[in-house]
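> Pasting the sequence and the predicted coordinates here, then a few questions.
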Amino acid sequence: MTKADPKVTKERQPTDPKVEKHATAVQVQQRVDTIFSLLIGGSRHAEILRYAAEKTDWNVAPRTVEAYITKANQQFPRISKFRHDMELGKAIARLNSMYRRTTAAGDIRTALQVQKVLNELLGLNAPIKMAHEGQSGSPAILLAHMTDEEVEERVRQIFAKRNK
């Protein structure tokens, strides 16, 4: 019998699909992004674990999925830190873009809704303070914010003063 040549290696055995090969950094980030989307969509912890076990080919232990969930949750505080002026500028630009597209498409109803949202964002719907004066220089009575009964009572009071 001849000895086996030590330079010749054995043929590779197929790997067990249940055993996790180390995921690349890109794969891990994709998995974390997937879990982040699930969290945004309202998935609970147990649902994410079940999703990873049943609907993916990740072949990872629940402990690994837990680590992915932790990384996904760490994105929320980063997202909450924003520059108000930058985000306001983006919002205005997006709304202006939507307004242009809807008017170009002839969708006036949607354009009006977009304009209302933009007006609200910019504070254009805030009440305007106006000084109202009556004939004698005293403040005028604003009837718009009164009930019908209050208006009737106020009119009676005014006529009662005039008839004295």
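Happy to help now that I have it.
> Tell me which stretches of the protein form helices.
25-40, 45-54, 62-73, 75-80, 84-104, 108-122, 148-162 (DSSP state H).
> Any regions of this structure where pLDDT drops low?
Applying pLDDT under 70 to the chain flags the ranges 1-20, 128-145, 162, 164.
> Walk me through the domains of it.
25-80, 84-122, 130-164 (automatic domain parsing).
> Let's have those in TSV, adding mean neighbour count.
In this view, the C-beta of every residue, glycine as well, is placed from N, C-alpha and C. Listed next are the domains of the chain as TSV, based on neighbours: other CB atoms under 10 Å:
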stretch	mean neighbour count
domain 25-80	14
domain 84-122	13
domain 130-164	9
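> Tell me who's in contact with R31.
For R31, the contacting residues are 23, 56, 58, 68, by CB atoms under 8 Å, 6 or more residues apart in numbering.
> Pull the most distant pair out of these.
A23 and T56 (11.4 Å; CB to CB).
> Tell me which residue is most central in the chain.
The centroid of the chain falls nearest to I40 when counting by CA atoms, centre = their mean (9.0 Å).
> quick one: that residue from E54, how far?
20 Å (CB to CB, to the nearest Å).
> Ok, H45 next?
15 Å.
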